[in-house]
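> quick check, what structure comes out for this input:
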Amino acid sequence: MSEGGREVVVVGGGPAGLMAAEMIAAAGHGVTVIDRMPSFGRKLLMAGRGGLNLTHSEAGDRFLARYGAAEAFLTPAIAAFTPGDLRDWARGLGEETFVGTSGRVFPCAFKASPLLRAWARRLADLGVRSRTRTAWTGFTEGGVTVRGPAGDETLAADAVVLALGGASWPRLGSDGAWTTILERAGVEIVPLRPTNCGFAVTWSDVFRTRFQGQPLKRIAVRFGDRLSIGEAMVTADGLEGGAIYALSAPLREALAVGGPTDILLDLKTSQSEDEIAAALARGRKGDSLSNLLRKAVGLPPVAVGLLREGAGKALPADPRDLARLIKAVPIRVLAARPLDRAISSAGGVALGEIGPDFQLKKRPGVFVCGEMMDWEAPTGGYLLQACFSTGRAAGRGVARFLAGRRDR
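Numbering: from 1, shown residues only. Model (predicted):
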């Protein structure tokens with residue numbers, strides 16, 4: 001720590017917290033990062049099992065629109081640390097990135113561990129101290145209280161950054177327990193809810209037994225005026241996967257207000273209803289309906305099974321009626337899967353509680369960043385980008401806050 005530096009505690013060793021720590025330490029202040037888990041970056045490492053989708057190459061306005069109601073709130077942080085900046089930052093750690101066919105951005109190593117190791121070395125070189133198995137328990141005058149292997153203690157801090165995540169993946173550290181502490185401190189918390197999650201469907205015993213675990217490829221899912229194109233997976237008790245996750249926010253809210261609702265699945269996105277009807281009409285006479293659907297339209301058995309589930313009765317024999325069903329299979333959705341089975345969570349610190357530089361209005365010197373704030377985004381790199389960007393913004397905000405205190 002350079003002369004005149006202050007002490008800062010960062011609570012949470014995920015991407016947002018570590019990025020805040022990097023910014024604060026680079027400004028010459030002492031930083032201690034604490035986390036209740038045995039090691040840092042556990043959710044990042046889990047994300048790395050799928051290749052570590054760091055960000056997305058989508059154009060700026062379309063990218064920002066993915067954050068929905070929180071777009072205006074997040075735009076300054078993301079504009080200050082863009083997807084391109086994130087790729088440059090990773091390159092600075094020795095990890096080149098590439099853009100996949102879907103526009104998603106991945107490290108060339110296609111995993112998180114090399115990036116995390118290089119980042120840990122940079123933080124250590126900056127003098128950042130780390131304490132694991134140490135849980136934040138509250139605020140005290142001039143610092144925070146924590147509970148670690150040696151018991152309860154107080155850590156002095158001139159500023160605090162909270163980067164505690166949401167409440168998905170609790171076994172990796174994000175359990176949402178921090179909400180109680182902040183509510184006691186008078187900070188408004190929007191209830192945590194699942195997002196990027198699967199949804200419950202009551203399948204027939206035959207369909208569930210035969211098709212659970214099978215993918216639905218190149219489908220489109222429609223809910224109201226929202227359309228999502230991609231893939232899904234049949235589970236024993238519902239549907240999950242990218243095409244479903246993209247609709248999780250409007251589906252979740254509709255279920256909360258009106259109970260079970262229907263989504264429509266297009267099982268043959270490459271053909272129009274007219275083209276499918278014509279192909280069915282040309283089909284070989286004498287073929288079973290399942291064979292006709294497989295040969296004439298190219299539907300796999302799981303899709304044919306889904307047609308039967310959606311129809312709730314025998315499939316229509318008329319080619320036009322059957323084509324209409326293939327393009328819009330109604331599936332009754334009952335509920336969102338529980339929060340601990342979601343990829344991410346909505347809710348958290350109400351955005352109205354957060355002032356400039358991500359400082360809490362009611363707790364001067366306390367900054368928040370990452371998923372613990374009330375925003376949500378689809379998978380595809382948008383989640384991690386906002387965590388990195390808000391962590392950087394909060395860290396730079398702490399540096400400005402401490403510089404102001406020094407000047408005073």
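> residues in contact with residue 366?
By CB atoms under 8 Å, 6 or more residues apart in numbering, residue 366 lies in contact with 139, 159-162, 359-360. All C-beta spots, glycine's among them, are computed from the backbone N, C-alpha and C.
> ignore what I typed, I meant residue 172.
With CB under 8 Å, 6+ apart, residue 172 has these contacts: 37, 42-43, 46.
> what does residue 266 show for phi and psi?
Main-chain torsions, residue 266, degrees, to the nearest 10: phi -100, psi 110.
> among the contacts of residue 366, which ones are buried?
139, 159-162, 359-360 (16 or more other CB atoms under 10 Å).
> specify the beta-bridge partners of residue 140.
Residue 140 forms beta bridges with residue 143, as assigned by DSSP bridges.
> no, scratch that, I was asking about residue 228
Beta bridges link residue 228 to residue 221 when assigned by DSSP bridges.
> okay, it: pLDDT?
Looking at residue 228, its pLDDT stands at 95.
> do I have it right that it meets residue 246?
Yes - using CB atoms under 8 Å, residue 228 makes contact with residue 246 at a distance of 3.9 Å.
> shared neighbours, the two?
Contacts common to residue 228 and residue 246, judged by CB under 8 Å, 6+ apart, are residue 221.
> so which bits of stretch 245-252 are buried?
245-249, 251-252.
> can you list contacts of that stretch?
By CB under 8 Å, 6+ apart, the residues outside stretch 245-252 that reach it are 68, 193-199, 221, 223-224, 226, 228, 230, 261, 263, 333, 336, 342-343, 346, 376, 378-379.
> for the stretch 301-408 of the chain, which spans come out with low pLDDT?
Counting by pLDDT under 70, the stretch 301-408 of the chain contains low-confidence residues at 406-408.
> rerun that using 80 as the cut-off
Within the stretch 301-408 of the chain, the stretches with pLDDT under 80 are 405-408.
> the stretch 151-300 of the chain too?
Checking the stretch 151-300 of the chain against pLDDT under 80 turns up 284-286.
> tell me where it has helices.
178-184, 205-211, 242-245, 248-258, 273-281, 289-292 (DSSP state H, counting those that start in this stretch).
> tell me the buried residues in stretch 265-274?
By 16+ other CB under 10 Å, the buried positions in stretch 265-274 come out as 265-268, 271, 273.
> nearest to residue 367 among the residues you listed?
Using CB to CB, residue 265 comes nearest to residue 367 of those, at 43.4 Å.
> who's the closest one bridged to?
Under the criterion used (DSSP bridges), residue 265 bridges to residue 221, residue 329.
> is it true that it touches residue 332?
No - at 11.7 Å, residue 265 does not count as touching residue 332 under the criterion of CB under 8 Å.
> thinking again about what came up before, can you say which of the contacts of stretch 245-252 are buried?
With burial judged by 16+ other CB under 10 Å, the buried subset of the contacts of stretch 245-252 is 193-199, 221, 223, 228, 230, 261, 263, 333, 336, 342-343, 346, 376, 378-379.
> just these: which are in strands?
Among the buried ones among the contacts of stretch 245-252, the members falling in strands (DSSP state E) are 193-195, 199, 221, 223, 228, 230, 261, 263, 333, 336, 346.
> now render those residues as a markdown table, adding distance to residue 182.
Conversion of these to a markdown table gives the following (distance: CB to CB, whole Å):
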| residue | distance to residue 182 |
| --- | --- |
| 193 | 17 |
| 194 | 20 |
| 195 | 20 |
| 199 | 30 |
| 221 | 36 |
| 223 | 33 |
| 228 | 33 |
| 230 | 36 |
| 261 | 33 |
| 263 | 35 |
| 333 | 32 |
| 336 | 24 |
| 346 | 17 |
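> which pair in these spans the largest distance?
Most distant of these, by CB to CB, are 193 and 230, 22.3 Å apart.
> hey, what's in contact with both of residue 265 and residue 332?
If you check residue 265 and residue 332 against CB under 8 Å, 6+ apart, no residue is contacted by both.
> ok, the nearest residue to residue 350 once chain neighbours are set aside to residue 373 distance?
In space, and not counting its chain neighbours, residue 350 is closest to residue 188: 4.2 Å by CB to CB, 6 or more residues apart in numbering. Using CB to CB, to the nearest Å, residue 188 is found at 12 Å from residue 373.
> now the residue nearest to residue 350: how far from residue 360?
Counting by CB to CB - residue 188 and residue 360 are separated by 10 Å.
> which residues are common contacts for the two?
Both residue 188 and residue 360 are in contact with 349, 353, where contact means CB under 8 Å, 6+ apart.
> was I right about residue 267 contacting residue 326?
Yes - assessed by CB under 8 Å, residue 267 is found in contact with residue 326 at 5.3 Å.
> so what sits against both of the two?
With CB under 8 Å, 6+ apart, residue 267 and residue 326 have common neighbours 299, 307.
> for residue 218, give me its contacts.
With CB under 8 Å, 6+ apart, residue 218 has these contacts: 229, 231, 269-270.
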